[in-house]
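# I'll drop the sequence and a predicted model, then ask my questions.
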Amino acid sequence: MDQTRGSQAPDNRPVAGGEDHPAPARHRVGRGALWFGVLAAALAWSVQTIIATTINGSGCITYRSAPPPTGAQLTGARGIVLLVLTIGLFVVSLIALFVSWRNWHAVHSHSDGEEEALLEVGEGRTRFMSMAGILLSALFALLLLVNLISLFLAPQCTP
Amino acid sequence: MATNAVAVPVQEQLTEIWETPPGVLGRLSSVDHKLIGKRYLVTAFAFLIAGGIEAAMMRMQLARPGQTLVTPEQYNQLFTMHGVSMIFLYALPVLSGFSNYLWPLMLGARDMAYPRVNALSYWVFVLAGLFIYSSFLVGQAPDGGWFAYTPLTSHDYSPGLNIDFYALGLIFLGISTTVGAINFIATLAKLRAPGMSINRLPIFVWGTITVSVSIVFAIPALTVDLIFLYFDRAFGLHFFDPGAGGQPLLWQHLFWIFGHPWVYIIVLPAMGMVSDILPVFCRRPLVGYTYVALATVSTGIIGFGVWVHHMFATGLPLRSMSFFAGASLVIAIPSGVAVFAWLATIFYGRPWFKTPFLFMAGFVFLFVVGGVSGVMTAAIPFDWQLTDSYFVVAHLHYVLIGINVFPVIGALYFWFPKITGRMMSEQLGKWSFWVMFVGFNLGFFPMHVLGLLGMPRRIYTYQADFGWGPLNLLVTIGALVFATGILLVLINVIVSYVGGAPAGDNPWDAPTLEWSTTSPPPVYNFAAIPTIRSRHPLWEDRLGETGRSEIYGGPLLLDGRETLATSPLDARARAVLRMPTDSYWPVTLAVSLTVFFYGALLQWWWLAAAAGVATAFCCAAWLWPSEDARQLPPGAVTNAETDLPVGQTGQTSVGGWGMSLLVLNEATFFAYLLFSYFYLSSLAQHAWPPEGPPALKLVLPNTLVLIASSVTAWWASRGIEADNRNRLRIGLISSIVLGAVFLTIQGFEFTSKDFRPNASAYSSSFFTITGFHAAHVLIGLLMLAVILIRAFRGHFRSSNHLAVTNAVLYWHFVDVVWLAVLFSLYIAPRFG
């Protein structure tokens, strides 16, 4: 039997046709750190949107029998919770960004080719996921920042 | 020729193993993804034409003021069915068609993960579409708009069958969409060629996988919404009835929680097509692959957080709406990244102005126009002026036709040679593009102006002195020109299919794996399973990439229908999979479901019940293992060619992925049910529950009964893992008995309540949520019963018990859901 036509392998041996491992830098970064970088900021934004919408909206329902507040102030326990929640989750997104950047720093030099090759050739699954973490974390951090600004600028309820 | 590296006798042997049985009956049983893909494409285009005819009739009606070419009711049915046809019956199915056909070829597999489920998804799609269209035969097509807002679609204001066709038809279609999505996710996770790590996937695959995950979380929202609507109409429940504590806005929330992700679902794979096709005609790789792949994923995620922008004019709290407005603006960033990547690819490439290139380049322009109008309406004050006007109609058509239809037609020109072995006419192709492009812009750009002039959506006619006449006439002319362009495409397809020039394996000199096969591909796709080492397997020499993929030297896998199972991230080979063969159960199950839905439509409950029983029987028969499968325990046999084990068991197997994804989908369904309960309770003007919190004296011990059944199920599954078949049987029997006791006690609790489901919104919610949970318990009991019968027949051992694992997972899920229901309906009301 042709030995190159496929053999089972744990991750440190070539398999089926003898290909090299697509993630040569996988031992430099833990899977937990990789997935945290990829997912944490998105989850933080999702949680903030759902909870903040609920908390903010509940304040407007309370005033069903009276005019709702029309200002943009953050008042009372509700306001404090909204602020703490949003700032806290924004910090989580920044942590995810930092973790992703650290992952990237650990693996980005581990393949051949310059930046063009990096973006186009397809080497390094670990590097790809690190970059994914950076881009996704940055985007969702921006979304959380936008929501934080909304807390101060947007009136709580609709007249 | 592509498969010259593999001997002809091997090719013949593979053909014999994989080919579909001949004749009509044979084709009814086929599970070949290529045949299913072609069926999807043809059927989707048929619905495109139907929707186009509806649009043409609307445009003729609106071409001049004060016309009466159709009646107002007919007009309502036309715009509703136009929307339903395009958004549900064309836009995703056409992408599913391309995905079904291409995915195994792009990924280096011999089929999709679940070939029979693939067949089911098609049959359910076509039958659901026919179910909805059968409404025309009785003159009661859906007429409440494609988004069917309540209270207009409640029984009081829509007493006919129109909205019942809509609600039941879309619930039916949702089954196809959901199982199809699960199939794509499992295929990507488990069936890629070795070496095809996630950073080497075509962007089209990124697009389809993003929307498949989105579907798992989005469709249940629509299903819940439609169930509520159907129950309100059929049984007098009160989810949307404000007089009884219901909320019409609940419909909108649930609809758009589904609906906005849906509009990304129907465009992201098409954007992926652009990202894969444009580089071929620029003769260079895509600029910024990583950015474009992540732009796709991030758009899919953010798409779940913008739904309220469809509700800016409903009076929701401003600050809450601002979160969604912000997200609606920021979502333009990944879209912009993709646009610049495409422009850079053109700029830094050597454009080859063939028909596919024209459609992809045209798409970029239309995407930008549609995106800009979308960003405009993301601003709340701007939206307040233009909501429900023709400005929105312009926007949605620029994005839906621009981002779906144009890339799809371009993709048709691109992949037609691979599918049929023939080239389409280039001259007719260029004509079709320019006629479509000019006609589309002529037809839809003036709609922006009409909207700014105040023309509302969905109006039947208008008065002459509004000044909208000339622009409407222009729009109608443009629409008819656009339709002519579509007609040219259809003519090209027919003419080329019959007499087009032979295509060869790779007429476009494209880089991805599907172009390594013959045109059309052999029924088995790849004679040898390839090994991939780069993103552009067929361009490696010219790009000087470090890896060299091996297309023809891999394992042949000739012992039946076999393909390789690989790991999710890096596609490391893990096992040889025996694939399901052709079967009549998918089409039979689809027909059974059709009968069920007609029974529900006509409220012939005996028919619905009989069809329900038939459906359960079909599922059990389908999943009953064949003689061959029973005789080959996985793990105990090793494939001689690869040294890999044959088959997989456990939760990380292909079958395990499917059940896990189904559980995730069903958990999301219950999450939306509970969301609705809390939404209604938060807005209740009277006490919620009206008679105080429900009693705990029956439900708490009953909960212990259900938890005990999970313990015995777990004990049973651990037993078979240790090859203890007696323990398996005893554990299963115990779980079934305990589950039946749970249902009995719950039934007693229901009958002892002093309120009925149609008493109020609270009672509607209570009985619907607990009722659906009970239905899931019943399904779980049926599953366990089938597993028990199989256990007594000696089907299971420690190396072969995936069905047990799956059934027990489902059972645990049912029990966990009960804990959430217990907390929400019985415990939480006690805390005010």
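Received it, and whenever you're ready, just let me know what you need.

# Downstream of the helix or strand of chain A with the lowest mean pLDDT, the next helix or strand is which one?
Taking mean pLDDT, DSSP states H and E as the measure, chain A has helix A:115-120 as its least confident helix or strand, at a mean of 50. If you walk from helix A:115-120 toward the C-terminus, the next helix or strand you reach (DSSP states H and E) is helix A:125-153.

# Centre-most residue in the chain?
Chain wasn't specified; assuming chain A. Centroid-nearest residue in chain A: A:Ala41, 3.0 Å away (criterion: Cα atoms, centre = their mean).

# Chain B was what I was after
When chain B is reduced to its mean C-alpha position, the closest residue under Cα atoms, centre = their mean turns out to be B:Thr177, at 3.3 Å.

# for that residue, what are its contacts?
With contacts taken as Cβ atoms under 8 Å, 6 or more residues apart in numbering or on different chains, B:Thr177 has the following neighbours: B:Leu92, B:Ser121, B:Ile215, B:Ile219. C-betas here are computed from N, CA, C, even on glycine.

# Format those residues as a markdown table; extra columns: neighbour count.
What follows is these, written out as a markdown table (neighbours: other Cβ atoms under 10 Å in any protein chain shown):
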| residue | neighbour count |
| --- | --- |
| B:Leu92 | 27 |
| B:Ser121 | 28 |
| B:Ile215 | 25 |
| B:Ile219 | 25 |
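
# I'd like to know which of those residues are part of helices.
Within the contacts of B:Thr177, residues falling in helices by DSSP state H are B:Leu92, B:Ser121, B:Ile215, B:Ile219.

# State the pLDDT value of the first one.
Read it as B:Leu92. B:Leu92 is assigned a pLDDT of 97 by the prediction.

# any idea how far it lies from B:Leu366?
19 Å (Cβ to Cβ, to the nearest Å).

# sec struct for the nearest residue to B:Pro693 once chain neighbours are set aside, please.
Nearest non-adjacent residue to B:Pro693, counting by Cβ to Cβ, 6 or more residues apart in numbering or on different chains: B:Pro829, 4.0 Å away. Using DSSP: H, G, I helix; E, B strand; the rest coil, the secondary structure recorded for B:Pro829 is helix.

# Enumerate every residue touching B:Gly362.
B:Gly362 makes contacts with B:Phe406, B:Phe433, B:Phe437, as judged by Cβ under 8 Å, 6+ apart.

# Tell me who's in contact with the residue nearest to the second one when sequence neighbours are not counted.
Among residues not flanking B:Phe433 along the chain, B:Leu358 sits closest, at 4.4 Å (Cβ to Cβ, 6+ apart). With contacts defined as Cβ under 8 Å, 6+ apart, the neighbours of B:Leu358 are B:Gly410, B:Gly429, B:Lys430, B:Phe433, B:Trp434.

# Return, as residue ranges, the portions of the chain with sub-threshold pLDDT.
No chain in the question, so chain A it is. Counting by pLDDT under 70, the ranges of chain A that qualify are A:1-19, A:62-66, A:110-123.

# please go with chain B instead
When residues are selected by pLDDT under 70, those of chain B lie in B:1-4, B:545-546, B:628-636, B:832.

# Among the contacts of B:Gly362, find me the one that's closest to B:Phe823.
The shortest separation between B:Phe823 and any of the contacts of B:Gly362 is 49.0 Å, and it belongs to B:Phe406 (by Cβ to Cβ).

# ok now do the closest one, which residues does it touch?
Neighbour list for B:Phe406: B:Phe359, B:Met360, B:Gly362, B:Phe363, B:Leu366, B:Met436 [criterion: Cβ under 8 Å, 6+ apart].

# how about the nearest residue to it once chain neighbours are set aside, phi and psi?
Spatial nearest neighbour of B:Phe406, chain neighbours left out: B:Phe363 (4.3 Å); criterion: Cβ to Cβ, 6+ apart. As for B:Phe363, its main-chain torsions (degrees, to the nearest 10) stand at phi -60, psi -40.

# got it, and B:Thr638?
Taking degrees, to the nearest 10, you get phi -110, psi 140 for the backbone angles of B:Thr638.

# doesn't B:Val646 make contact with it?
Yes: between B:Thr638 and B:Val646 a contact is recorded at 6.8 Å, counting by Cβ atoms under 8 Å.

# Which one's more surrounded, these two?
Using other Cβ atoms under 10 Å in any protein chain shown, the more surrounded residue of B:Thr638 and B:Val646 is B:Val646, with 22 against 14.

# ok, now how distant is the more buried one from B:Glu562?
For B:Val646, the distance to B:Glu562 equals 8 Å [Cβ to Cβ].

# Same check on B:Leu89?
35 Å.

# Compare these two and say which is more crowded by neighbours.
B:Leu89 (27 against 23).

# so which strand or helix has the residue nearest to B:Phe433?
Secondary-structure assignment from DSSP H and E places B:Leu358 in helix B:355-378.

# and that helix, which residues are buried?
Of the residues in helix B:355-378, those buried under the neighbour-count criterion (16 or more other Cβ atoms under 10 Å in any protein chain shown) are B:355-364, B:366-371, B:373-375, B:377-378.

# need the strands for chain B, in chain order.
Per DSSP state E, chain B has strands spanning B:562-566, B:573-578. These are given in chain order.

# need the contact list for B:Ala179.
Just to correct that, residue B:179 is Val rather than Ala. For B:Val179, the contacting residues are B:Tyr114, B:Val117, B:Leu120, B:Ser121, B:Val124, by Cβ under 8 Å, 6+ apart.

# Swap in 10 Å and give it another go.
Under the criterion of Cβ atoms under 10 Å, 6 or more residues apart in numbering or on different chains, the contact partners of B:Val179 comprise B:Tyr114, B:Val117, B:Asn118, B:Leu120, B:Ser121, B:Val124, B:Ile215, B:Pro586, B:Gly658, B:Leu661, B:Leu662, B:Asn665.

# before we move on, what about B:Leu161?
When the contact criterion is Cβ under 10 Å, 6+ apart, the partners of B:Leu161 are B:Ser135, B:Val138, B:Gly139, B:Gln140, B:Ala141, B:Pro142, B:Leu168, B:Arg233, B:Leu601, B:Leu602.

# Select from these the one having the most neighbours.
Each of the contacts of B:Leu161 was scored by neighbours using other Cβ under 10 Å; the highest score is B:Pro142's, at 27 neighbours.

# That one and chain A, how far apart?
Computed with Cβ to the nearest Cβ, to the nearest Å, the distance linking B:Pro142 and chain A is 31 Å.

# how deep is the residue nearest to that residue when sequence neighbours are not counted tucked in, by neighbour count?
The spatial neighbour of B:Pro142 that comes closest, neighbours along the chain excluded (Cβ to Cβ, 6+ apart), is B:Tyr166 at 3.8 Å. The burial metric for B:Tyr166, expressed as a neighbour count using other Cβ under 10 Å, is 27.

# partner residues bridging B:Arg797?
B:Asn800 (DSSP bridges).

# Spit out the contact partners of B:Trp602.
Quick fix: residue B:602 reads Leu, not Trp. With the criterion set at Cβ under 10 Å, 6+ apart, B:Leu602 makes contact with B:Leu161, B:Asp164, B:Ala608.
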